[in-house]
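>>> Got a predicted structure plus its sequence, pasted below:
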Amino acid sequence: MSNLWRLGTESGIEQELTTKLLMWTVTYDERCNMGLGVGPWKTVQIDISDSDVLSDECDLGGEFQDLLVLVPTITSSTIGVSVAKESGGTFYPLYILDDDATGSFLSATSAGTATLAVIFYIGGIRFIKITAGSAQAADRDFLVRGINPV
(Lines give C-alpha, C1' and ligand atoms only; values in the text may rest on other atoms or scores of the structure.)
Protein backbone atom coordinates (compact mmCIF):
# COMPACT_ATOMS: atom_id res chain seq x y z
CA MET A 1 0.00 0.00 0.00
CA SER A 2 1.41 3.42 -0.90
CA ASN A 3 2.16 6.06 1.69
CA LEU A 4 -0.47 8.31 0.07
CA TRP A 5 -3.21 5.69 0.57
CA ARG A 6 -2.22 5.16 4.23
CA LEU A 7 -2.21 8.91 4.79
CA GLY A 8 -5.66 9.19 3.22
CA THR A 9 -7.07 6.38 5.35
CA GLU A 10 -5.60 7.71 8.56
CA SER A 11 -6.73 11.29 7.98
CA GLY A 12 -10.38 10.53 7.16
CA ILE A 13 -10.00 11.24 3.43
CA GLU A 14 -11.18 7.69 2.68
CA GLN A 15 -14.67 8.48 4.03
CA GLU A 16 -14.77 11.72 2.05
CA LEU A 17 -13.76 9.95 -1.19
CA THR A 18 -16.35 7.20 -0.65
CA THR A 19 -19.07 9.82 -0.13
CA LYS A 20 -18.06 11.68 -3.28
CA LEU A 21 -18.02 8.47 -5.34
CA LEU A 22 -21.53 7.62 -4.15
CA MET A 23 -22.69 11.10 -5.13
CA TRP A 24 -21.38 10.49 -8.68
CA THR A 25 -23.20 7.15 -9.00
CA VAL A 26 -26.23 7.62 -11.22
CA THR A 27 -29.14 5.41 -12.16
CA TYR A 28 -29.80 4.02 -15.63
CA ASP A 29 -32.61 6.57 -16.20
CA GLU A 30 -30.33 9.44 -15.18
CA ARG A 31 -27.63 8.27 -17.62
CA CYS A 32 -30.22 8.18 -20.43
CA ASN A 33 -31.34 11.71 -19.61
CA MET A 34 -27.72 12.89 -19.58
CA GLY A 35 -27.21 11.82 -23.18
CA LEU A 36 -25.43 8.54 -22.57
CA GLY A 37 -26.24 5.35 -24.42
CA VAL A 38 -29.43 3.55 -25.22
CA GLY A 39 -32.63 2.66 -23.44
CA PRO A 40 -34.08 -0.81 -22.93
CA TRP A 41 -36.00 -2.60 -25.67
CA LYS A 42 -39.76 -2.10 -25.35
CA THR A 43 -42.58 -3.86 -27.20
CA VAL A 44 -45.21 -1.56 -28.68
CA GLN A 45 -48.35 -3.14 -30.12
CA ILE A 46 -50.87 -1.99 -32.65
CA ASP A 47 -53.82 -3.86 -31.17
CA ILE A 48 -56.53 -3.97 -33.84
CA SER A 49 -59.25 -4.36 -31.20
CA ASP A 50 -58.33 -0.80 -30.05
CA SER A 51 -57.05 0.81 -33.26
CA ASP A 52 -55.82 -0.76 -36.47
CA VAL A 53 -53.43 2.14 -37.20
CA LEU A 54 -52.17 3.37 -33.80
CA SER A 55 -50.27 1.68 -30.96
CA ASP A 56 -50.70 2.22 -27.26
CA GLU A 57 -48.47 4.79 -25.56
CA CYS A 58 -44.90 3.69 -24.86
CA ASP A 59 -42.74 5.21 -22.12
CA LEU A 60 -39.14 4.93 -23.32
CA GLY A 61 -37.91 5.37 -19.73
CA GLY A 62 -35.98 8.57 -20.43
CA GLU A 63 -35.70 11.39 -22.93
CA PHE A 64 -34.04 10.36 -26.18
CA GLN A 65 -32.90 12.05 -29.37
CA ASP A 66 -33.48 9.05 -31.63
CA LEU A 67 -35.83 6.09 -31.75
CA LEU A 68 -34.90 2.75 -33.28
CA VAL A 69 -37.97 0.82 -34.48
CA LEU A 70 -37.83 -2.82 -35.57
CA VAL A 71 -40.81 -3.20 -37.87
CA PRO A 72 -42.40 -6.67 -38.10
CA THR A 73 -44.10 -8.03 -41.19
CA ILE A 74 -47.13 -5.76 -41.66
CA THR A 75 -50.09 -5.22 -43.94
CA SER A 76 -48.75 -2.94 -46.69
CA SER A 77 -48.37 0.46 -45.02
CA THR A 78 -46.06 3.30 -44.10
CA ILE A 79 -44.88 3.56 -40.48
CA GLY A 80 -44.53 6.75 -38.47
CA VAL A 81 -44.29 8.01 -34.90
CA SER A 82 -46.42 10.31 -32.74
CA VAL A 83 -44.81 12.01 -29.73
CA ALA A 84 -45.96 13.57 -26.45
CA LYS A 85 -44.13 15.52 -23.77
CA GLU A 86 -45.97 13.75 -20.92
CA SER A 87 -47.75 10.47 -20.26
CA GLY A 88 -51.41 10.66 -21.27
CA GLY A 89 -50.76 13.98 -22.99
CA THR A 90 -51.59 15.13 -26.48
CA PHE A 91 -49.73 13.09 -29.11
CA TYR A 92 -48.44 14.98 -32.12
CA PRO A 93 -47.56 13.35 -35.44
CA LEU A 94 -43.82 13.53 -36.01
CA TYR A 95 -42.95 15.14 -39.34
CA ILE A 96 -39.56 14.68 -40.95
CA LEU A 97 -38.52 17.62 -43.09
CA ASP A 98 -36.61 16.65 -46.19
CA ASP A 99 -33.18 18.12 -46.98
CA ASP A 100 -34.29 20.57 -49.65
CA ALA A 101 -37.37 21.74 -47.69
CA THR A 102 -39.73 21.08 -50.58
CA GLY A 103 -42.05 19.02 -48.43
CA SER A 104 -42.40 17.06 -45.25
CA PHE A 105 -43.06 13.43 -44.52
CA LEU A 106 -45.28 11.93 -41.86
CA SER A 107 -43.54 8.57 -42.15
CA ALA A 108 -40.02 7.38 -42.75
CA THR A 109 -40.89 4.27 -44.72
CA SER A 110 -42.42 3.61 -48.09
CA ALA A 111 -45.50 1.42 -48.15
CA GLY A 112 -44.37 -2.18 -47.81
CA THR A 113 -44.72 -5.43 -45.92
CA ALA A 114 -41.10 -6.46 -45.24
CA THR A 115 -39.43 -6.45 -41.85
CA LEU A 116 -36.97 -3.59 -41.42
CA ALA A 117 -35.27 -1.29 -38.94
CA VAL A 118 -35.92 2.47 -38.99
CA ILE A 119 -34.37 5.28 -36.94
CA PHE A 120 -36.54 8.33 -36.25
CA TYR A 121 -35.16 11.59 -34.85
CA ILE A 122 -37.58 12.37 -31.99
CA GLY A 123 -35.79 15.35 -30.39
CA GLY A 124 -35.60 14.49 -26.69
CA ILE A 125 -39.01 12.86 -26.27
CA ARG A 126 -39.96 10.14 -23.76
CA PHE A 127 -43.51 9.12 -24.80
CA ILE A 128 -44.29 7.73 -28.26
CA LYS A 129 -46.90 5.87 -30.30
CA ILE A 130 -46.28 3.95 -33.52
CA THR A 131 -48.60 4.86 -36.39
CA ALA A 132 -49.42 2.88 -39.50
CA GLY A 133 -50.54 4.66 -42.67
CA SER A 134 -53.17 2.02 -43.37
CA ALA A 135 -55.23 -0.46 -41.36
CA GLN A 136 -53.44 -3.56 -40.13
CA ALA A 137 -55.14 -6.93 -40.61
CA ALA A 138 -53.81 -8.33 -37.32
CA ASP A 139 -52.08 -7.18 -34.13
CA ARG A 140 -48.50 -6.01 -34.78
CA ASP A 141 -45.66 -6.00 -32.22
CA PHE A 142 -42.91 -3.46 -32.83
CA LEU A 143 -39.66 -3.39 -30.86
CA VAL A 144 -38.48 0.11 -29.98
CA ARG A 145 -35.48 1.55 -28.17
CA GLY A 146 -34.44 5.12 -27.39
CA ILE A 147 -30.94 6.20 -28.42
CA ASN A 148 -28.84 9.16 -27.35
CA PRO A 149 -25.71 9.94 -29.32
CA VAL A 150 -22.55 9.86 -27.23
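Arrived safely. Quick caveat: nothing in here was measured; it's all calculated off a predicted structure.

>>> Could you break the protein into its assigned domains?
Structural domains assigned to the chain are 1-34, 38-147, following automatic domain parsing.

>>> Show me the strands in this structure, by range?
In the chain, strands defined by DSSP state E lie at 42-46, 58-71, 79-84, 92-93, 96-97, 104-105, 116-132, 140-147, listed in chain order.

>>> Using JSON lines, please lay out the ones you listed together with mean neighbour count, mean pLDDT and distance to residue 52.
Any C-beta I mention is one placed from the backbone N, CA and C, and that applies to glycine too. Output for these, formatted as JSON lines (neighbours: other C-beta atoms under 10 Å; pLDDT from 0 to 100; distance: least, C-beta to C-beta, whole Å):
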{"stretch": "strand 42-46", "mean neighbour count": "17", "mean pLDDT": "97", "distance to residue 52": "7"}
{"stretch": "strand 58-71", "mean neighbour count": "19", "mean pLDDT": "95", "distance to residue 52": "16"}
{"stretch": "strand 79-84", "mean neighbour count": "21", "mean pLDDT": "94", "distance to residue 52": "14"}
{"stretch": "strand 92-93", "mean neighbour count": "12", "mean pLDDT": "94", "distance to residue 52": "17"}
{"stretch": "strand 96-97", "mean neighbour count": "12", "mean pLDDT": "70", "distance to residue 52": "23"}
{"stretch": "strand 104-105", "mean neighbour count": "11", "mean pLDDT": "55", "distance to residue 52": "22"}
{"stretch": "strand 116-132", "mean neighbour count": "18", "mean pLDDT": "93", "distance to residue 52": "8"}
{"stretch": "strand 140-147", "mean neighbour count": "19", "mean pLDDT": "96", "distance to residue 52": "9"}
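
>>> which residues pair with residue 120 across the strands?
When assigned by DSSP bridges, residue 120 has beta-bridge partners residue 67.

>>> Likewise for the one 10 residues further on?
Under the criterion DSSP bridges, residue 130 forms beta bridges with residue 81.

>>> which ones are touching it?
Residue 130 sits next to 44, 46, 54-55, 58, 69, 79-81, 142, 144 when contact means C-beta atoms under 8 Å, 6 or more residues apart in numbering.

>>> And for residue 69?
79, 81, 117-120, 130, 142-144.
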